[in-house]
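> Sharing a model prediction with you, sequence too.
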Amino acid sequence: MNKCLDFSEDVTIQNTQITKQAEAIMPTGWGKFRMIAFSNSPNDPMPHLAMVHESTDLSQPVRLRIHSECMTGDLFHSKRCDCGEQFDRAMEMCAETGGLVIYLRQEGRGIGLINKLKAYNLQDDGLNTVDANLHLGFEVDARDFNLAIQILDQLDIQKVHLLTNNPEKMEALEKSSIEVISRIPLKIPAKKENRGYLDTKRDVLGHLL
């Protein structure tokens with residue numbers, strides 16, 4: 001029996017560190033999605049989100065994008081990175097055959113928007129994105145992908161086709177109970193404004209570009 005999301009019923013959520021706090025139907029330019037907010041508090045102003053397309057069959061391996069918040073790219077379409085374009089492409093691909101985008105509120109690889117802007121200034125002075133974070137006293141990548149695994153577990157998703165260029169996301173899922181059936185690359189053409197950034201992601205962080 002198919003386990004497509006029934007838009008008339010709640011999704012069953014298990015008791016874990018973060019839980020479903022609210023959900024609503026969200027018509028978008030890519031089709032109708034169910035937006036589900038996850039947090040450890042019902043008053044959290046910045047919950048993590050799951051955007052589940054209405055045609056998603058949870059009994060089958062589903063397309064999955066784990067996307068970390070990038071306000072500059074996702075909302076303001078900054079050309080300093082490829083994040084907004086990756087998000088748009090992932091939503092489009094999940095709408096094609098069903099799938100979901102998990103939106104983690106981990107701006108700037110976990111350092112927050114204010115420090116991200118400070119890192120941008122350092123990059124303008126010649127540091128790459130990795131060295132800028134280190135110069136500010138942060139880890140190269142402070143994100144916690146276990147949050148996405150919790151969300152997948154609560155949605156009872158066991159097998160995924162992962163939309164990513166980041167081997168760390170692959171490794172995080174492979175260490176969990178989630179089975180990664182395949183990796184689907186997100187191919188975004190470089191621009192003059194982000195070519196150095198993408199080179200660093202490839203050469204220093206090992207992204208599969």
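On my side now, so go ahead.
> C-alpha only now, for contacts and for neighbours.
Noted.
> is the residue sitting nearest the centre point of the chain in a bridge, and if so with what?
Nearest to the mean C-alpha position of the chain, by CA atoms, centre = their mean, lies residue 67 at 1.2 Å. With DSSP bridges applied, residue 67 shows beta-bridge pairing to residue 103.
> neighbours around residue 88, how many?
Using other CA atoms under 10 Å, residue 88 is surrounded by 13 other residues.
> Give me the helices and strands touching the helix or strand hosting it, please.
With secondary structure defined by DSSP states H and E, residue 88 is part of helix 83-97. For helix 83-97, the contact count by 3 or more CA pairs under 8 Å, 6 or more residues apart in numbering; DSSP states H and E identifies strand 62-68, strand 99-104 as packing neighbours.
> ok, the residue nearest to the centre of the chain - contacts?
Taking CA atoms under 8 Å, 6 or more residues apart in numbering, we find residue 67 in contact with 87, 101-104.
> now do 10 Å
49-50, 83-84, 86-87, 90, 101-106, 145, 148, 163-164 (CA atoms under 10 Å, 6 or more residues apart in numbering).
> quick revisit: now the angle between strand 62-68 and the helix holding residue 88, please.
160 degrees (axes from the mean of the first three to the mean of the last three CA atoms, to 10 degrees).
> Check the model's average confidence along helix 83-97 for me.
The pLDDT scores in helix 83-97 average 96.
> One more: stretch 202-209?
pLDDT averaged over stretch 202-209 gives 84.
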